[in-house]
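Peer 1: Please work out how this folds:
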Amino acid sequence: MSETFLIETERLSMRRLTLDDADLEHARADIGLARIIAIVSPDNAASIGLTEKLGLQFEKTAQLPGEDKDVSLYSMSLQE
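Peer 2: From the prediction side, this is the model:
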């Protein structure tokens, strides 16, 4: 498995999104994803809260290619 799913938290609503065990199993077994990643603005408390609510953990601060602002990278491994 080498595929990664990126969550764009700016477009999601905290009231509408949850990841349950069936979703994670589908992502891993049926789609073949190895990891879920969210890239979040460090200043966006709502997106950070949603990302953590989904079970992703802070990994590191980084800069995207061609950008000068830092972003926070959160991730969740789907490896067994």
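Peer 1: For the longest helix seen in the chain, list every residue counted as buried.
Peer 2: Across the chain, the longest stretch assigned as helix under DSSP state H is helix 45-53. For helix 45-53, the neighbour count (16 or more other CB atoms under 10 Å) marks Ser47, Ile48, Leu50, Thr51 as buried. Where C-beta positions appear, they are placed from N, C-alpha and C, glycine not excepted.
Peer 1: helices and strands around the next helix or strand after that helix, which ones?
Peer 2: As assigned by DSSP states H and E, the chain's next helix or strand after helix 45-53 is strand 57-63. Applying 3 or more CB pairs under 8 Å, 6 or more residues apart in numbering; DSSP states H and E, we find strand 57-63 packed against strand 70-77.
Peer 1: quick one: strands adjacent to the strand it packs on?
Peer 2: Strand 70-77 has its sheet partners listed here by DSSP bridges as strand 33-40 (antiparallel), strand 57-63 (antiparallel).
Peer 1: what's the closest non-adjacent residue to Asp70?
Peer 2: Thr61 (5.1 Å; CB to CB, 6 or more residues apart in numbering).
Peer 1: if I look at the one you found, how far off is Ala46?
Peer 2: Note on Thr61: its distance to Ala46, by CB to CB, to the nearest Å, is 18 Å.
Peer 1: Just confirm Ser72 contacts Gln63, I think it does.
Peer 2: No. Contact status for Ser72 versus Gln63: not in contact, 11.1 Å apart, counting by CB atoms under 8 Å.
Peer 1: Those two: which has the busier surroundings?
Peer 2: Ser72 (19 against 10; other CB atoms under 10 Å).
Peer 1: check contacts around the more buried one.
Peer 2: Contacts of Ser72 were listed using CB atoms under 8 Å, 6 or more residues apart in numbering, and they are Ile39, Val40, Ser41, Pro42, Ile48, Phe58, Lys60, Thr61.
Peer 1: try Val71
Peer 2: Val71 makes contacts with Ile39, Val40, Ser41, Pro42, Thr61, Ala62, Gln63, Leu64, as judged by CB under 8 Å, 6+ apart.
Peer 1: Report the buried members of the residues you listed.
Peer 2: Applying 16+ other CB under 10 Å to those, the neighbour count classes Ile39, Val40 as buried.
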